[in-house]
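Participant: Sequence and predicted structure below; questions after.
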Amino acid sequence: MTITTTRDVMSPGQQCCTFWVDGLFLGVPVEQVQEVLRYQRMTAVPRAPHAVHGLINLRGQIVTALDLRCRLGLPPRPEEELPANVIVRSRGEVVSLLVDAVGDVIDTADAELQPTPANLPPGIQDVLRGVMPLAGSILLIVDADRAVDVTTTPDTTNPGGTP
Amino acid sequence: MNDDAEIISEFLVESHENLDHLDRDLVELERSPGSRELLSSVFRTIHTIKGTSGFLAFHRLESLTHVGENLLSRLRDGKMTMDAEVTHVLLSMVDTVRALLEGVERDGLDTDPAVEVDAVVAALQRVLDGESDPAGDPAGEPVPVPVAPVVEEPVVLCEPAPQAVPVPEPEPEEPAARTPVAAEEPGDDTEKRGVVDSSVRVDIELLDSLVQLVGELVLTRNQILQRAEASDDIELGRAAQRLDLVASELQENVMRTRMQPMAQVWSKMPRIVRDLAHQLGREVELEMEGHDTELDRSLLEALKGPLAHLVRNALDHGLEPREVRVAAGKPQAGRLQLRAYHESGQVVIEITDDGAGIDPVKIGEAAVSRGVITREAYAGMEPREVLDLIFRAGFSTAAAVTNVSGRGVGMDVVRTNIERIGGSVDILSTVGTGTTCRVRIPLTLAIIPALVVAESGERYAIPQANLVELVRLEGQDLRDGVDTLAGAPVLRLRGRLLPLVSLGETLTGTRPQTDALTVVVVQADDIRFGLCVGEVHDTQEIVVKPIGRQLKALPLYAGATIMGDGQVALILDVGGIARVRALTPTELTDTVAVGADVGSQALLVLEVSNHRRAALPLTAVSRLEEFDASRIERSGLAEVVQYRDGILPLLRLAPAIGLPETPGERDQISVVVHEEAGRRVGIVIDQVLDVVDEAIVATEVGRRVGVLGSAVVQDRVTDLVDLDAVVRPRELIS
């Protein structure tokens, strides 16, 4: 579990860890996934970028949890639904992607990676490597490095009052 | 092969240490050329390097150190004396040795063609030949035979010391590094350095991983303690107590293994200072204190660059040339003091020169002309803030400015580097008498004591180093203690005004409404303010953990930690909060007041704009008048009254200081007549309250156009009117 591979962008590994976000069937190559966890209590980070949902304690390591719905520009998760954590490794850091539900690890060796259809919303296209049409569903392959990149301008909305 | 690599790496470690000593010893030698002890020590170091490099077949290194050793042996035996030239060639030899060693470290070879060895060897040889009788065989016996000194010129120490044979004898390490004392006890030949038998070299990575593990242990201990407290199991309670004790002690000891003395940095300073002084033609007395002051090695490492920079600055820009100093009645040699000491959980390092100081006027003018700040911004700045400008990026890179200001090259880089390790740097300077740079850094980064507070259901940790005190206000105290100035809450705390910042508001944008106020008085750099928090929990040791890349841009947090229940809590960056809330530094010392020297002035206290209080310096008041409102006439847009055979323009104070006029018409108006440079202006106020002559402490709270700040006068918050700013536009009209 400690090997981080940097594979060719167009040829993800043979297996994908899958999950659902707002009805979309998504996957990350297993090489980039460290583990999958059920819902963890999070510590909110006021004034963080919008997609940062909080911080979790992963065996003594502090991990930033990003809401994939927010990152993909999808509507927020209903409050009564608790997200699951897909812990991915990206550029030496460990980051949690919050997803609606976790699916199986599936074999994608026979599937063909195709370019992302051009009519997908740009927020989603931005995060995808491509898509894999499977029997009965279409798997969207997430680029973990891009998914965890939320270093857009931090939320600096009204600090309220003058100091 | 592996063995060789190990031997070489040992050799490198040892040699680098030795070379640092060498630098210091050689500079000292220049001052006390006769010190046999120093000479022997230098000789032994070079001899050791020579021996080992011969053994490892580093021939260039060997031939270089060989000639150097010859020269040193002559010096040690009193056949030659140290002078500037000898010191110079020896220092250049040390530099070349260092360069060769770097090559060895890099490629495992001393054949780096970029390093010029022959020239240095020739220079050493010239000095050898020039000074000595030709009998001195340059390629002769490397181990010098003690010869009875044949002295041409008097040497301070000349008794024969046949026991001074160049065999390194292990001796206990001298605990404190030597300060540059010129005099040495005669005949003190004992080796003062050497590998201490009772110490081992440990790989830094091992230490770092130990610290990591201890961090984990501390967290686990906290968790177990919490469980044990909630449990009825007495045995568990005892075990938890023991665990607590052991873990604390272990933590302390592990942290100590990473501590290293300031001497590591100080030992490099004499050389830097000497070289610079020669280069700049300055005479410098270097004083160093606090060699034993310890701090975490990673911090020490990070400090080296910034400190060297500050020292260079002090020499280059702080200390004046000799003639200027003499003309100013100062001693010919400039003084550079380096101090390191512990203070409230931090290490403070001061670099003080007795040079020309930094003139805030020059800095300010230069900053304005370079477009670093606007003239308006400059006009409103305290001298202290102006000095701070030298840390601005745009300021320091401009060469023209540094010529004028005399300081500030790369100061922004210095500040950035120091802040990156959780420290701060500030400058105190008096024109004509000198400058002090004060660097504060935490002792260690990994585990710190912190106060845990809660706000909106989340916990936050405030580092103890930032903590000043806790204040709780309820009911009447709250109403009496807190005033709001132009929307900004301030707390009266023992006669001073403390700006209040609501943590909830800073974090979420909404200020929680409470009937009680818990204020954590905090300080970062020179900014002190009250942070209003929801709840105060307890103080505990926390392990500072880094936060992810996504959050690095947030100035509010210094990191995160894990609490006893396993939850994550953010560590607040007090300095960052101050920056986010645009708080500016205020002078904290009791003796100095900011503002326009209002410290002990007599003040005219008056009422304006619905019973608000303002004060003017009494010296600015020439008369107090009451006029019938019917006497007000208009000249253009301006209100005027006829007064003493002339026309007195009127100025309504309330709008001039950003306050609403008191509504309603009055039959009489109260006017303060201000006279300056033959011009008069009548300042219209509601009424005069009093004249006070009490020591007040001005603060920057409430500062705005026309108002310098505020102070507590007669137990009431009072605006201090900036008369110049208020009167200025009026004069343009009149």
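Facilitator: Arrived safely.

Participant: what's across from A:V28 in the sheet?
Facilitator: Note on A:V28: beta-bridge partners A:C17, judged by DSSP bridges.

Participant: SS state for the residue nearest the centre of chain A?
Facilitator: In chain A, the centroid-proximal residue (C-alpha atoms, centre = their mean) is A:L97; its distance is 4.1 Å. Counting by DSSP: H, G, I helix; E, B strand; the rest coil, the backbone at A:L97 sits in strand.

Participant: for it, what are its contacts?
Facilitator: Neighbour list for A:L97: A:28, A:65-66, A:68, A:71, A:85-88, A:142, A:144, A:147-148 [criterion: C-beta atoms under 8 Å, 6 or more residues apart in numbering or on different chains]. Using the backbone N, CA and C atoms, a C-beta is placed for each residue, glycine as well.

Participant: so what's it bridging to?
Facilitator: A:L66, A:V86.

Participant: what pLDDT does it get?
Facilitator: Predicted confidence (pLDDT) for A:L97: 95.

Participant: still on that earlier bit, export the contacts of A:L97 to a markdown table and tack on neighbour count and pLDDT?
Facilitator: What follows is the contacts of A:L97, written out as a markdown table (neighbours: other C-beta atoms under 10 Å in any protein chain shown; pLDDT from 0 to 100):
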| residue | neighbour count | pLDDT |
| --- | --- | --- |
| A:V28 | 23 | 94 |
| A:A65 | 25 | 95 |
| A:L66 | 26 | 94 |
| A:L68 | 26 | 93 |
| A:R71 | 26 | 91 |
| A:N85 | 22 | 95 |
| A:V86 | 28 | 95 |
| A:I87 | 19 | 94 |
| A:V88 | 25 | 94 |
| A:V142 | 30 | 93 |
| A:A144 | 21 | 91 |
| A:A147 | 24 | 90 |
| A:V148 | 25 | 89 |
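
Participant: Mind giving me the packing neighbours of the helix or strand bottoming out on mean pLDDT in chain A?
Facilitator: Scoring the helices and strands of chain A by mean pLDDT, DSSP states H and E places helix A:122-125 at the bottom, with a mean of 87. With contacts defined as 3 or more C-beta pairs under 8 Å, 6 or more residues apart in numbering or on different chains; DSSP states H and E, helix A:122-125 has these neighbours: helix A:68-72.

Participant: what about the helix it packs on, near chain B?
Facilitator: No. Judged by C-beta under 8 Å from any C-beta of the partner chain, helix A:68-72 stays clear of chain B, getting no closer than 10.6 Å.

Participant: With just CA atoms, put that helix into CSV.
Facilitator: Extracted in CSV, the C-alpha atoms of helix A:68-72 (Å, rounded to 0.1, in the frame of the first residue of the first chain):
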residue,chain,number,x,y,z
LEU,A,68,-16.2,15.6,-4.3
ARG,A,69,-19.7,16.9,-4.9
CYS,A,70,-18.5,20.4,-4.3
ARG,A,71,-15.3,19.8,-6.3
LEU,A,72,-17.3,18.5,-9.3
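
Participant: Go ahead and measure how far it is from the middle of the chain.
Facilitator: Distance of helix A:68-72 from its chain centroid, counting by C-alpha atoms, centre = their mean, to the nearest Å, is 8 Å.

Participant: where along chain A do the strands fall?
Facilitator: Assigned by DSSP state E, the strands in chain A fall at A:15-21, A:24-29, A:33-37, A:52-58, A:61-67, A:84-90, A:93-99, A:101-107, A:128-134, A:137-142.

Participant: For the last one, which residues meet the burial criterion?
Facilitator: Within strand A:137-142, the residues scored as buried using 16 or more other C-beta atoms under 10 Å in any protein chain shown are A:L139, A:L140, A:I141, A:V142.

Participant: ok, for the second one, nearest residue in space, not its chain neighbours?
Facilitator: Translated: A:L140. Excluding the flanking residues, the one nearest A:L140 by C-beta to C-beta, 6 or more residues apart in numbering or on different chains is A:L26, at 4.8 Å.

Participant: Might you report the residue contacts of the one you found?
Facilitator: A:L26 touches A:T18, A:F19, A:W20, A:L68, A:V99, A:L139, A:L140, A:I141, A:V142, counting by C-beta under 8 Å, 6+ apart.

Participant: Pretty sure B:L90 sits against B:L71.
Facilitator: Yes. Using C-beta atoms under 8 Å, B:L90 is in contact with B:L71, at 7.1 Å.

Participant: For the two, list the residues in contact with both.
Facilitator: B:L124.
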